[in-house]
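K.L.:
my questions concern the predicted model and sequence given below.
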Amino acid sequence: MAQSIRDQATVRRAGEQDLRAMAEINTASFAGNQGDVEKALEWVRCWFRAFPLYQYFVVQVEDKVAGYVGWQLHGGFLRSQPVIELEQVAVAEQFQGQGLAPRLCEETMDMVVEWVCAQNPHVQESVIAVVWVYTINDPALAVYARQFRDQVQGMRNQYGHRSENMLRATIPIDHHRQRL
Ligand SMILES: CC(C)(COP(=O)(O)OP(=O)(O)OC[C@H]1O[C@@H](n2cnc3c(N)ncnc32)[C@H](O)[C@@H]1OP(=O)(O)O)[C@@H](O)C(=O)NCCC(=O)NCCS
């Protein structure tokens, strides 16, 4: 039986060679760069260079970058309860609706938590993960609601009058530490 796109896909850390494809997905998905791929490339490259404060991952199908996610670390590198934010995720339109975002978000959350635990000897019981989402973004809410199990913990109106909710997850770190 043919493998589904979701099963075929691979999730990995982004490299310099992925940035243009990510910029193209960014312009198709978000208004912030007004459809200008070169500006989006500049934007994506800035975040890419902010590693490890900001960490990008891509999901690849065959030889194509199908989507990306960016995670931001908050409040310093040695917090006893680190906070990470899923800052942006997007999947190219032709690959949407096939479960790529859940794979991308779940697997990379694990990878970032593992990275944090390997670097930070002060971590005690858990890592906190947060994500802000427009209250009307149903596809994104569908993805996040399963993963951010503490559910809605905050609200803001940052961009005009479009309200956003913050969903949170508390991730116990025992199983991450054991794998190190
Ligand atoms: C949000 C997003 C990343 C989800 O990616 P995805 O790989 O399509 O995720 P899924 O395949 O799990 O689909 C998510 C849900 O939306 C639904 N969906 C996906 N594409 C859809 C579409 N084009 N029209 C309507 N519903 C759609 C799916 O059925 C699923 O709902 P379900 O879990 O109840 O079945 C993707 O829609 C996207 O890139 N959107 C634009 C950027 C964005 O809004 N990012 C999030 C804010 S940073």
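P.N.:
Cool, got the structure. On a predicted model such as this, the values are computed, not experimentally measured, just so you know.
K.L.:
what's residue 37 in contact with, if anything?
P.N.:
20, 23, 24, 27 (CB atoms under 8 Å, 6 or more residues apart in numbering). Placement of C-beta: from N, CA and C, glycine included.
K.L.:
how about a cut-off of 10 Å?
P.N.:
Residues near residue 37 by CB atoms under 10 Å, 6 or more residues apart in numbering: 20, 23, 24, 26, 27, 28.
K.L.:
check whether the one helix or strand the second one maps to contacts the ligand.
P.N.:
Using DSSP states H and E, the element containing residue 23 is helix 19-29. Yes - among the residues of helix 19-29, residue 29 lie within reach of the ligand under CB under 6 Å from any ligand atom.
K.L.:
what about residue 111, neighbour count?
P.N.:
Residue 111: 17 surrounding residues under other CB atoms under 10 Å.
K.L.:
from here on, count from 304
P.N.:
Will do, 304 is the new start, and the previous item becomes residue 414.
K.L.:
next SSE after the strand or helix carrying it?
P.N.:
Residue 414 belongs to helix 403-422 when assigned by DSSP H and E. Toward the C-terminus, helix 403-422 is succeeded by strand 429-437 as the next helix or strand (DSSP H and E).
K.L.:
buried residues, that following strand. List them.
P.N.:
Buried positions in strand 429-437, judged by neighbour count with 16 or more other CB atoms under 10 Å: 429, 430, 431, 432, 433, 434, 435, 436.
K.L.:
same question for stretch 372-386.
P.N.:
Burial within stretch 372-386, assessed by neighbour count using 16+ other CB under 10 Å, is assigned to 372, 373, 374, 375, 376, 382, 385, 386.
K.L.:
for that stretch, how far is the first residue from the last?
P.N.:
17 Å (CA to CA, to the nearest Å).
K.L.:
for that stretch, give the mean pLDDT please.
P.N.:
Mean pLDDT, stretch 372-386: 98.
K.L.:
what do you get for stretch 448-460?
P.N.:
Mean predicted confidence for stretch 448-460 is 96.
K.L.:
does it reach the ligand?
P.N.:
No - figure legend: stretch 448-460 not in contact with the ligand (CB under 6 Å from any ligand atom); closest approach 7.9 Å.
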